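*Asks:* what follows is a predicted protein model with its sequence.
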Amino acid sequence: MNAAVLTLEPDAVVWRDVAALADVPLRGARRVRTAAGDVAIFRTGTGEIFALLDRCPHKRGPLSQGIVHGSAVTCPLHAWVIDLASGQPQGADAGKGCVPVVAVKAEGGRILLADPGEGGPV
């Protein structure tokens, strides 16, 4: 199963300001509430940002409370490793579901999410 990914033309996306980039530490995460449910925003050690629905495909564990390493997060409940770019489980759990990916970007020190109420991915 493929992760849901935003496929709208960039001009059609309505971006919602949800946090300051500084609010998400390197190798950390923050949870924000949206109309589509809680979204986990991740920042890697190199400063890249990613956003996924805040639930592991295994037992719906809160990924925002997991450990960020490289470009993945480890679920705090049962140690599933989820790729931040694709939402796909890695290793022995590959192919056992996915986490919907939410379009995210940083501009001017702020984090912007594609607004699910405006045709977003979830």
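*Replies:* Everything's here; your move. Numbering: from 1, shown residues only.
*Asks:* can you list the weak-confidence ranges in the chain?
*Replies:* 1-11, 116-122 (pLDDT under 70).
*Asks:* tell me which stretches of it form strands.
*Replies:* 15-20, 28-34, 37-43, 49-53, 67-69, 72-74, 81-83, 104-107, 110-114 (DSSP state E).
*Asks:* give the buried residues for the fifth one.
*Replies:* Right, the one you point to is strand 67-69. Using 16 or more other Cβ atoms under 10 Å as the test for burial, strand 67-69 gives residue 68. Every C-beta, even on glycine, is put in place using the N, C-alpha and C of the backbone.
*Asks:* try the last one
*Replies:* Along strand 110-114, the positions that meet the burial threshold by neighbour count (16+ other Cβ under 10 Å) are 111, 112, 113, 114.
*Asks:* do stretch 57-65 as well
*Replies:* Under 16+ other Cβ under 10 Å, the buried positions of stretch 57-65 are 57, 58, 61, 62, 63, 64.
*Asks:* out of the strands of the chain, which is closest to residue 91?
*Replies:* strand 81-83 (5.9 Å; Cβ to Cβ).
*Asks:* circling back to that earlier point, what's the closest of the strands of the chain to residue 93?
*Replies:* strand 81-83 (7.3 Å).
*Asks:* who's in contact with that closest one?
*Replies:* Residues from elsewhere that reach strand 81-83 (Cβ atoms under 8 Å, 6 or more residues apart in numbering): 52, 56-57, 63, 66, 71-75, 88-91, 93, 99.
*Asks:* just to revisit the earlier point, wait, which of the buried residues of strand 110-114 is closest to residue 17?
*Replies:* Closest to residue 17, out of all of the buried residues of strand 110-114 and judged by Cβ to Cβ, is residue 112, at 5.7 Å.
*Asks:* residues touching that closest one, list them.
*Replies:* Residue 112 makes contact with 15, 16, 17, 18, 104, 105, 106, according to Cβ under 8 Å, 6+ apart.
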